[in-house]
Structure formats: C-alpha cells, structure tokens
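[1] A structural model of the following input is requested.
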Amino acid sequence: MPELPEVETVRRGLQPVLEGARLVRVEARRPDLRFPFPKDFSARLTGKTITALGRRAKYLTMHIDGGPVLICHLGMSGSFRIETSDGSDTPGVFHHERSKSAAHDHVVFDVVSAEGARSRVIFNDPRRFGFMLFAEGTPDTHPMLAGLGVEPTGNTLDGVLLASLLEGRRSPLKAALLDQRLIAGLGNIYVSEALWRAGLSPLRESGTIAKAGKKAAGQSERLAGAIRSVIADAIAAGGSSLRDYVQTDGSLGYFQHSFAVYDREGEPCSTPGCGGQIERIVQSGRSTFYCRTCQR
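    Numbers count the residues shown, from 1 in each chain. You can find the predicted model right below:
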C-alpha cells in the first residue's frame, strides 16, 4: 500500500493541474470501489472549482468551492494519471507499464484551468481497494480522519512529543509507531528504515524510550529525527515503488534504491563498523527488517 511519501508525491503531482481548476465533467464508471461512491457524486462536483489539494496521513483531500471536501485513498493499487487535452501523457520515466485498461479507469475528472488549459485526471485502481468519500465541513471530523495522530513531517514531532506518546506503553516499538492514533501516515517500510537510522530494535518495549533520564531522552530524540528525515528523504526521492505503485506521471519512485534494511534480508548492515547482517522477522503478520547487532 502506498505510504505517506507516495501520497505526498501524488499530491504534488496533481496540485499544478487541479488547484484552481474547474471540474467541467466528473465520471464514475462503476457504482463503487472499496465503498460505494457518495450519493450524487458526479453532480455535486461538476461545475465546481478546486480550491486546494491537501493530504492528511495517507489520505488526499480535494477542497471544493461551495461544496464538500473529497477524501481520496489510493488503497493497494490506486494511482492517478494526468493526460493533456490532446491525449499525451505527462512526461515520465516508464520503467514498468502502467495499467491503462479502461476496465481499471474508474473515475475521470475533466478539468479546465483558470488560463483555459484542459486536462484529464484519471483514477485507475485494478484491485478497487481505494475509495472516494465526501466530508461535509472540516475533513478532520470525518470518521476516516478523526482520531489520527501527529504528522511525521516538519518539526512538530520531536523527542519530547514522541516520548509523551509512548510513555507507559508495553507494545513493541515498531507496533507503537504503526499506530495511526499516535503518528499518522507511518507505514511498514519507513518505520523499519527509521528504526535502523535511530539504532533501535523494533522488538524493544516502546515505553523504554520514554523513561526519565538522559539515555531515554537521547533515544526518543534520535528516533523522532530519524522518522522526520526518512520521510523527508523519501518524499524528495519521489516515494518508493513496490509492486504496482506509480507516481502521477507514470514513473516509479526511487527511494527503494537507498533502503538500508527493508527487503534486504541476509545482506550486510551498512552501519559503519557494525559487521552484522539484515534479518527478517514477522511482527503482527508483517515483515520487519532490522540488524540485531546495531539496533538495540
């Protein structure tokens, strides 16, 4: 499933085309994806102007002038494709063929910019696990977004805040970091990478880095910094392409080429002087990659 950096990359790719544009035609080609489309889905969007395109955790939020906020989730295989009015694709490096089957093009947005440029934005989802729902009013009050934790971007997430979130928790550290009620948008890949950067084991009790004392304070600060940096690096690289994930222009993300631990089972750890190797374990049914030598 695309994680926060992938969704942010999609948002940035869509933003120049969608923000300020008018939806001249909206076509839903099936009655549902993971959930049924909202009642009067096309009618409530057609003719409206998109005032802003945002992101909350792994959700895209399309703000409509005088209308509802459209909440979009990519699911397992969803992606947006931008086409110009003459039918040409937005330039990209196509290492793998995108799904172009009309059977998987489920939603089509025909838009015209304030300058009169026409574009088509197509949501393609072979597995149909994505969804589009309306939020009336503030999107943070929608059940899908309400209760989400702090964003792992910017400087809001620091060691003090992270320690307060983990204080007293006995669950494994990785499990706590994947709890969307604590930190919104962190997924399996980037938690593994951040824990390696911080030198912390995914198996350690999460509350241990929230105890009193300089050692725990240093650990929580180091982990907070690692989370922020790994997310920022992944966004700068355009996200990580696994299986069928593609960016809005059809090209693949490249952060996977700089993975330190994820999907590198049996390879040497790249921490200077470590000498260990990357192992794969299963936690709550999901793969965890780490080095037991340098991650304590």
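
[2] So what's the residue count around residue 44?
    Neighbourhood size, residue 44 [other Cβ atoms under 10 Å]: 17. C-beta: built from backbone N, CA, C; applies to glycine.

[3] Nearest residue to it in space, please, no chain neighbours.
    Once flanking residues are discounted, residue 44 sits nearest to residue 67: 5.9 Å by Cβ to Cβ, 6 or more residues apart in numbering.

[4] how close does that neighbour sit to residue 34?
    Distance, residue 67 to residue 34, by Cβ to Cβ, to the nearest Å: 22 Å.

[5] rewinding a little: is it fair to say the residue nearest to residue 44 lies in a helix?
    No: using DSSP: H, G, I helix; E, B strand; the rest coil, the secondary structure at residue 67 is coil, not a helix.

[6] from what I can see residue 57 touches residue 183, true?
    No: if you go by Cβ atoms under 8 Å, residue 57 and residue 183 don't touch, sitting 9.0 Å apart.

[7] shared neighbours, those two?
    residue 151 (Cβ atoms under 8 Å, 6 or more residues apart in numbering).

[8] Pick out whichever of those two has more residues nearby.
    The residue with more neighbours, out of residue 57 and residue 183, is residue 183; 25 against 20, by other Cβ under 10 Å.

[9] For the more buried one, which residues are in contact?
    Contacts for residue 183 (Cβ under 8 Å, 6+ apart) come out as 149, 150, 151, 152, 157, 165, 177, 227.

[10] got the buried residues for the lowest-mean-pLDDT helix or strand in the chain?
    Every helix and strand of the chain was ranked by mean pLDDT, DSSP states H and E. The lowest is strand 79-84, at a mean of 85. Neighbour-count burial for strand 79-84 flags 79, 80, 81, 82, 83 (criterion: 16 or more other Cβ atoms under 10 Å).

[11] between those residues, which is nearest residue 115?
    Distance to residue 115 across the buried residues of strand 79-84 (Cβ to Cβ) is lowest for residue 82, with 16.1 Å.

[12] which residues in the chain form helices?
    Assigned by DSSP state H, the chain shows helices spanning 4-18, 41-45, 159-166, 173-177, 188-198, 214-236.

[13] Now do the first one, average pLDDT.
    Read that as helix 4-18. When pLDDT is averaged along helix 4-18, the result is 87.

[14] Tell me what angle that helix forms with helix 214-236.
    Orientation check (axes from the mean of the first three to the mean of the last three Cα atoms, to 10 degrees): helix 4-18 against helix 214-236 gives 40 degrees.

[15] ditto for the third one
    Counting by the same axes, to 10 degrees, helix 159-166 points 100 degrees away from the direction of helix 214-236.

[16] Contacts for helix 159-166 next, please.
    Under the contact criterion Cβ under 8 Å, 6+ apart, helix 159-166 has outside partners 149-150, 173, 176, 182-183, 206-207, 209-210, 216-218, 220-225, 227.

[17] next one: that helix to chain centre, how far?
    A distance of 22 Å separates the C-alpha centroid of helix 159-166 from that of its chain, computed with Cα atoms, centre = their mean, to the nearest Å.

[18] Flag every buried residue along that helix.
    Of the residues in helix 159-166, 159, 161, 162, 163, 165, 166 count as buried by neighbour count, 16+ other Cβ under 10 Å.

[19] and what of the longest one?
    Buried residues in helix 214-236, defined by neighbour count with 16+ other Cβ under 10 Å: 216-217, 219-228, 230-231, 234-235.

[20] Can you list the neighbours in contact with it?
    Contacts for helix 214-236 (Cβ under 8 Å, 6+ apart): 3-5, 8-9, 152-155, 157-163, 166, 177, 183, 186, 190, 193-195, 197-200, 208-210, 240, 253, 255, 258.

[21] so where's the stretch 51-200 of the chain shaky on pLDDT?
    Scanning the stretch 51-200 of the chain for pLDDT under 70 picks out the ranges 85-100.
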